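> please find the sequence and the predicted model below.
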Amino acid sequence: MHNEEDHVPPLYEGLMSVMVPLGRTFELVFVDDGSTDQTLALLRDLVARDNRVRVVKLRRNFGQTAALGAGFDHARGQVVVSMDADLQHDPREIPLLIAKLEEGYDLVSGWRQQRRDSLARRIPSRAANWLMAKLSGVPIHDFGGTFKAYRREILQEIRLYGELHRFIPALASWEGAKITEVPITNILRKQGKSHYGFGRTFRVLFDLITVKFLIHYITRPLHFFGLVGLVGIGAGFLIAFALLLKKLFLGTHLFVAHGPLILLAAVLFISGVQLIGLGLVGELLTRTYFEARGKPVYSVDQVFEQPQTFL
């Protein structure tokens, strides 16, 4: 929640009207992301009235990814449902997400099948979602929506930073999670204004490149940088070799006739060597990262075995 004072009472009432009839133990975790209005005061009133409410106040406005991470870290349930506080997500659809999760999935994503946004937002969003699905290999339609249900164990495998919240399905897929989506209602915002703008498009693009690299090359960076480096070295060598043959057999004055090509060959060769070196440095950093954290390069779901007696 960021400056959502008008949404606190209706959101709480909507959540309670859904969660109480489910007959399950639950908690509501509100993350105040540096609000400057009465949001925090209203949330503290909820805490005083209802022991199922927890409020996590961040010291300043860190952004949606950090706020989601804080919510995940402080949530204690085995099933975690995340949603925005701007009333664009209908709490009545929470049971739908949970029911789908109980079919054996690790992550259920809400799909805003009928978008209520302006055309200027829908077109870039569709293009971005299509690109994310193709590059990540996760066949869902709506990466950016926050309305999702997770099993706790899959969230424990994911660390969020930057603006990676929209790529959680891709990161979870890399950990081996079973992912699906269900259509949800996209409610039109009735009050307040959106915190999203055109400026986020470039940040999404950069994060997409990051996620693509993390998914496919985090454990083998040399395979990426080394391949590009070898192509550069090979291209530089071929250009230089062709120019050398032309000099030997045709007597061409290389620096007069082919000065730019010589510079191109040198740049390609040197860049290729540097990229291979960068890949080797990446391999060392990867080794340090996994060994320092004691984090394996795999994710275990279950272990099946018969009871053993050890003497």
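Everything's here; your move. Residues are numbered from 1 along each chain as shown.
> what segments of the stretch 1-150 of the chain are helices?
Ranges of helices in the stretch 1-150 of the chain, per DSSP state H, counting those that start in this stretch, are 8-22, 39-49, 64-74, 94-101, 119-136.
> output those as JSON lines; include the columns mean pLDDT.
Formatted as JSON lines, these follow (pLDDT from 0 to 100):
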{"stretch": "helix 8-22", "mean pLDDT": "95"}
{"stretch": "helix 39-49", "mean pLDDT": "93"}
{"stretch": "helix 64-74", "mean pLDDT": "89"}
{"stretch": "helix 94-101", "mean pLDDT": "94"}
{"stretch": "helix 119-136", "mean pLDDT": "72"}
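> so which of these gets nearest L155?
When the helices of the stretch 1-150 of the chain are compared by CB to CB, helix 64-74 sits nearest L155, at 5.1 Å. No exception for glycine: its C-beta is placed from N, CA and C like everyone else's.
> list the contacts of the residue lying closest to M132 once chain neighbours are set aside.
The shortest distance from M132 to any residue other than its chain neighbours is 4.7 Å, reached at F143 (CB to CB, 6 or more residues apart in numbering). Contact analysis of F143 by CB atoms under 8 Å, 6 or more residues apart in numbering lists 109, 128-129, 132-133, 166-167, 169-170.
> now with 7 Å, please.
Contacts for F143 (CB atoms under 7 Å, 6 or more residues apart in numbering) come out as 129, 132, 166-167, 169.
> tell me the most packed of these, by neighbour count.
Among the contacts of F143, F167 has the most neighbours (other CB atoms under 10 Å), with 29 neighbours.
> right, and that one touches V211 too?
Yes. With contact defined as CB atoms under 7 Å, F167 and V211 form a contacting pair (4.5 Å).
> run a quick neighbour tally on D32.
Residue neighbour count, defined by other CB under 10 Å, stands at 22 for D32.
> quick one, strands of the stretch 51-200 of the chain?
Ranges of strands in the stretch 51-200 of the chain, per DSSP state E, counting those that start in this stretch, are 53-57, 79-82, 107-112, 148-151, 179-184.
> in a markdown table, list those along with mean neighbour count, mean pLDDT and distance to P221.
Conversion of the strands of the stretch 51-200 of the chain to a markdown table gives the following (neighbours: other CB atoms under 10 Å; pLDDT from 0 to 100; distance: least, CB to CB, whole Å):
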| stretch | mean neighbour count | mean pLDDT | distance to P221 |
| --- | --- | --- | --- |
| strand 53-57 | 17 | 93 | 35 |
| strand 79-82 | 20 | 96 | 31 |
| strand 107-112 | 24 | 89 | 27 |
| strand 148-151 | 24 | 94 | 29 |
| strand 179-184 | 19 | 90 | 26 |
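> how about P10: what's its closest non-neighbour residue?
L87 (6.4 Å).
> err, N129, not the other one
For N129, ignoring the flanking residues on the chain, the nearest one in space by CB to CB, 6+ apart is F143 at 5.4 Å.
> now that neighbour: how far from F167?
According to CB to CB, to the nearest Å, F143 and F167 sit 7 Å apart.
> for the closest residue to V80 other than its chain neighbours, give the beta-bridge partners.
Spatial nearest neighbour of V80, excluding adjacent residues (CB to CB, 6+ apart): Y150 at 4.8 Å. In this entry, Y150 is beta-bridged to V80, L107, by DSSP bridges.
> doesn't V108 make contact with Y150?
No. Using CB under 7 Å as the test, Y150 is too far from V108 to be in contact (8.0 Å).
> now distance to I239 too, for the strands of the stretch 51-200 of the chain, in CSV please.
What follows is these, written out as CSV (distance: least, CB to CB, whole Å):
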stretch, distance to I239
strand 53-57, 58
strand 79-82, 53
strand 107-112, 48
strand 148-151, 51
strand 179-184, 46
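> nearest to G137, of these?
Across the strands of the stretch 51-200 of the chain, G137 has its closest neighbour in strand 179-184 (10.5 Å, CB to CB).
> what strands line up against the closest one, and which way round?
Here strand 179-184 is paired, per DSSP bridges, with strand 107-112 (parallel).
> could you give the angle of the strand it pairs with to helix 94-101?
With axes from the mean of the first three to the mean of the last three CA atoms, to 10 degrees defining the directions, strand 107-112 sits at 130 degrees from helix 94-101.
> mind putting the contacts of F143 into a markdown table with distance to V228?
A markdown table is the format used below for the contacts of F143 (distance: CB to CB, whole Å):
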| residue | distance to V228 |
| --- | --- |
| N129 | 28 |
| M132 | 23 |
| R166 | 27 |
| F167 | 23 |
| P169 | 28 |
